[in-house]
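Undergrad: Give me a model of this one.
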Amino acid sequence: MRYLTEDMPGTGGRIKQDPEDFCVSELPLYLPSGKGEHVYLYVEKRGLGSFEAADHIARAFGLPRRLVGMAGLKDAHAVSRQWMSLLGIDPEKARQLDLPDIRILEVSRHRNKLKIGHLAGNRFEIRIRGCAAGAEALARPILEALQKRGVANWFDEQRFGRRRDNHLLGRALVLGDHQAFCDRFLGGPTEADSRRLADARRRYDAGDLAGAKKRFGGEWDHLRVLAALARTKNPRRAARALSKQLARLFVSAFQSDLFNQVLDRRLGEIDRVEAGDLAYIHGRGAVFRVERPEVEQPRADSLEISPSGPIVGHRVTLASGRPGEIEREVLAAAAIQPRDFERIKALRLRGGRRPLRVPLSDVHLETQGEDLLLEFTLPPGAYATVVLAEITKSEA
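TA: Next up, the predicted model:
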């Protein structure tokens with residue numbers, strides 16, 4: 001990930017030293033009406049990812065995690081507040097839930113299940129610790145530049161998993177290379193693995209499937225894939241044993257990687273539209289093809305519209321002109337075509353467009369000793385860590 005404000009010195013400093021250093025509150029697209037079969041829980045969690053918290057909540061009601069609805073996924077190393085939904089549970093029992101690192105702040109009802117994307121944005125309250133002297137004076141022009149030009153809409157590294165290979169697993173699924181998927185999903189230990197998981201992967205690599213099964217322990221998706229492979233000796237059937245939720249996560253990471261490559265090639269011009277661009281209309285989510293960039297550029301200058309990049313699926317629309325050439329070059333380098341996504345029809349990944357930049361709003365900045373306290377709002381799907389990297393010029 002490159003910086004949009006490369007020519008501006010950063011503040012240095014460290015983020016996420018404690019979960020309380022990174023607080024995020026979901027801004028709902030709508031509030032529960034108070035009526036309906038779906039029970040909505042406004043959840044505060046500390047040091048837990050959204051899936052992990054949903055696991056705990058679902059288990060408390062004797063239900064599988066897939067029945068928990070949510071509008072967005074929140075970072076684990078944070079204090080985060082978001083709505084979740086469950087069908088047909090007892091609201092009173094929900095109010096009385098007592099789970100480690102989870103608080104139920106509010107309970108209501110609504111007529112539909114929460115789905116990914118049902119949010120208006122996220123509000124962040126962040127502490128950057130141990131900054132350089134004069135950090136506030138360094139941070140302000142960076143924030144002003146980002147408010148003027150927009151924030152580069154990178155998919156951040158958390159999208160690619162602890163082992164940083166979710167996109168490679170997704171690529172193998174899209175291409176139907178099931179042996180490669182199984183070998184990467186079950187084998188190839190890295191420094192990111194715990195000692196137990198590294199041992200399980202080594203056993204798989206050595207062909208000791210029974211030994212690998214014992215060491216994978218509670219890694220349910222790994223155990224399901226491994227069991228199917230041991231039973232059928234068929235990598236394709238083993239890969240299909242993967243939960244749909246995790247398969248979607250891996251393929252989404254692959255789509256994210258392709259988008260990031262397009263963004264990288266256009267980073268210096270994310271505030272300018274070109275002929276052939278599919279311009280994204282902020283606030284509406286619609287796109288239109290730019291024919292006369294000189295006419296549309298004033299709308300880009302005011303951050304009403306932005307150039308977009310592809311979230312590749314089997315029905316994605318690609319740009320034309322020079323923007324389209326860039327997108328096709330990225331796909332060619334990955335040896336992928338949109339129709340390849342038809343292999344995973346069950347995931348219904350038709351594709352779409354994502355803006356190359358997003359607006360940064362409601363910014364507040366102050367100094368507290370050697371720390372910076374920062375508040376801001378981003379649209380759905382945008383990463384606060386991208387803003388923080390621009391400010392600190394650090395990966396800490």
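
Undergrad: how about the nearest residue to the most centrally placed residue in the chain, chain neighbours excluded?
TA: Among the residues of the chain, the one closest to the centroid is Arg159, at 4.8 Å (CA atoms, centre = their mean). In this structure, Arg159 finds its nearest non-sequential neighbour in Ser256, 5.0 Å apart by CB to CB, 6 or more residues apart in numbering. Just so you know, the C-beta spots here come from the backbone N, C-alpha and C atoms, and that holds for glycine as well.

Undergrad: give me the number of residues near the one you found?
TA: 21 (other CB atoms under 10 Å).

Undergrad: Assign it to helix, strand or coil.
TA: Three-state call for Ser256 (DSSP: H, G, I helix; E, B strand; the rest coil): helix.

Undergrad: which ones are touching it?
TA: 155, 159-160, 167, 311 (CB atoms under 8 Å, 6 or more residues apart in numbering).

Undergrad: Helices along the stretch 51-200 of the chain, start to end?
TA: 91-95, 135-149, 166-175, 178-186, 195-205 (DSSP state H, counting those that start in this stretch).

Undergrad: what does the domain assignment say about the chain?
TA: Under the assignment automatic domain parsing, the domains of the chain span 1-22+122-150+362-396, 30-116, 166-245, 257-358.

Undergrad: so which strand or helix has Glu366?
TA: Using DSSP states H and E, Glu366 maps to strand 361-368.

Undergrad: which helices and strands does that strand pack with?
TA: helix 135-149, strand 371-378 (3 or more CB pairs under 8 Å, 6 or more residues apart in numbering; DSSP states H and E).

Undergrad: Of all those, which one is nearest Ala58?
TA: strand 371-378 (28.2 Å; CB to CB).

Undergrad: Mind checking the pLDDT average for the closest one?
TA: The pLDDT scores in strand 371-378 average 97.

Undergrad: Just give me how far the next helix or strand after it sits from the chain centre.
TA: As assigned by DSSP H and E, the chain's next helix or strand after strand 371-378 is helix 384-392. In this view, helix 384-392 has its centroid 16 Å away from the chain centroid, taken as CA atoms, centre = their mean, to the nearest Å.

Undergrad: For helix 384-392, give me every contacting residue.
TA: Contacts with helix 384-392, where a contact means CB under 8 Å, 6+ apart, come from 1, 3-5, 10-13, 15, 22, 24, 122, 124, 126, 128, 131, 139, 142-143, 146, 151-154, 156, 158, 360, 372, 374, 376, 378, 395.

Undergrad: Now restrict those residues to buried residues only.
TA: Neighbour-count burial (16 or more other CB atoms under 10 Å) applied to the contacts of helix 384-392 gives 1, 3-5, 10-13, 15, 22, 24, 122, 124, 126, 128, 131, 139, 142-143, 146, 151-154, 156, 158, 360, 372, 374, 376, 378.

Undergrad: quick one: the spatially closest residue to Asp362 that is not a sequence neighbour from Gly69, how far?
TA: Nearest non-adjacent residue to Asp362, counting by CB to CB, 6+ apart: Thr377, 4.4 Å away. Remark: distance between Thr377 and Gly69 (CB to CB, to the nearest Å) = 23 Å.

Undergrad: And for Ile281?
TA: As for Ile281, its distance to Gly69 is 27 Å (criterion: CB to CB).

Undergrad: More neighbours: the two, which one.
TA: Using other CB under 10 Å, the more surrounded residue of Ile281 and Gly69 is Gly69, with 20 against 15.

Undergrad: residue contacts, the more buried one?
TA: 38, 84-86, 113-115.

Undergrad: which of those sit farthest apart?
TA: Spatial extent of the contacts of Gly69 (CB to CB) is set by the pair Leu86 and Lys115 at 13.4 Å.

Undergrad: Those two - which one has more neighbours?
TA: Each of Leu86 and Lys115 has its neighbours counted (other CB under 10 Å); Leu86 has more, 24 against 10.

Undergrad: The more buried one and Glu191: what is the separation?
TA: As judged by CB to CB, Leu86 and Glu191 stand 38 Å apart.

Undergrad: before we move on, the earlier item: CSV for the domains of the chain, including distance to Val251?
TA: Putting the domains of the chain into CSV (distance: least, CB to CB, whole Å) gives the following:
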stretch, distance to Val251
domain 1-22+122-150+362-396, 16
domain 30-116, 14
domain 166-245, 4
domain 257-358, 6
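
Undergrad: List only buried entries from the contacts of Gly69.
TA: Counted by 16+ other CB under 10 Å, the contacts of Gly69 give 38, 84-86, 113-114 as buried.

Undergrad: Can you list which of the residues you listed are found in strands?
TA: Using DSSP state E, the subset of the buried ones among the contacts of Gly69 located in strands is 38, 84-86.

Undergrad: Out of these, which is nearest to Cys182?
TA: Met84 (32.3 Å).

Undergrad: Kind regards, and thank you for your time.
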